[in-house]
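In: Give the three-dimensional model of this entry:
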Amino acid sequence: MAKTRIATIALVVPDYAAGLDFYVTRLGWTCLSDIDLGDGKRWVTVAPPGADCALLLARAVTDDQRAAIGNQTGGRVGFFLETDDFEDSHARMLAAGVEFLEQPRHESYGSVAVWRDPFGNTWDLIGRR
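Out: Numbering: from 1, shown residues only. Presented below is the predicted three-dimensional model:
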């Protein structure tokens, strides 16, 4: 059987500039691609350094797409950012102005804190033990 993997996950954003500003400028992620597809559409992918999976920043263009910004998972945490140094990652994100919705807590699987991107999506920052 062929090897397959999840390579890219779409994240609906209001516009490309806002997505790039937050994920690349503020969080320090890498812009992996920014390809003009014509008619105002671009293939823009970003990822944390060393990641195996990327986010496709998908610009909302319809009313339904705009309504999905920040609510792609129906209000649940839908994205999980793992780190090998929880305290450092948490401190850097706080310094970058990331909104954490709770104080860090310790679970059986590691340290965790829920945060929200400026578009309303909730994420877990997870430090594995």
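
In: Could you chop this protein up by domain?
Out: Per the record, the chain has its domains at 1-69, 76-129, by automatic domain parsing.

In: May I see the ones you listed arranged in TSV, with mean neighbour count as well?
Out: Placement of C-beta: from N, CA and C, glycine included. TSV is the format used below for the domains of the chain (neighbours: other C-beta atoms under 10 Å):
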stretch	mean neighbour count
domain 1-69	14
domain 76-129	14
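
In: okay if I get these as CSV plus mean pLDDT?
Out: Listed next are those as CSV, based on pLDDT from 0 to 100:
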stretch, mean pLDDT
domain 1-69, 97
domain 76-129, 96
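
In: So in the protein, which helix runs the longest?
Out: helix 86-95 (DSSP state H).

In: outside of it, which residues touch it?
Out: Contacts of helix 86-95 with the rest of the structure, by C-beta atoms under 8 Å, 6 or more residues apart in numbering, involve 27-28, 81, 83, 100, 104, 110-111, 113, 115, 125-127.

In: For it, output the C-alpha coordinates as CSV.
Out: Below are the C-alpha coordinates for helix 86-95, written out as CSV (Å, rounded to 0.1, in the frame of the first residue of the first chain):
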residue,chain,number,x,y,z
PHE,A,86,6.0,24.1,26.5
GLU,A,87,7.2,26.9,28.8
ASP,A,88,9.3,28.5,26.1
SER,A,89,6.6,28.3,23.5
HIS,A,90,3.9,29.6,25.9
ALA,A,91,6.1,32.5,26.9
ARG,A,92,7.0,33.4,23.3
MET,A,93,3.3,33.2,22.2
LEU,A,94,2.3,35.4,25.2
ALA,A,95,5.0,38.0,24.2
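
In: which other helices and strands contact the following helix or strand past it?
Out: Downstream of helix 86-95, the next assigned helix or strand under DSSP states H and E is strand 99-100. If contacts are counted by 3 or more C-beta pairs under 8 Å, 6 or more residues apart in numbering; DSSP states H and E, strand 99-100 sits against helix 86-95, strand 110-116.

In: what's the helix or strand following strand 99-100 packed up against?
Out: Next helix or strand after strand 99-100 toward the C-terminus (DSSP H and E): strand 105-107. If contacts are counted by 3+ C-beta pairs under 8 Å, 6+ apart, strand 105-107 sits against strand 110-116.
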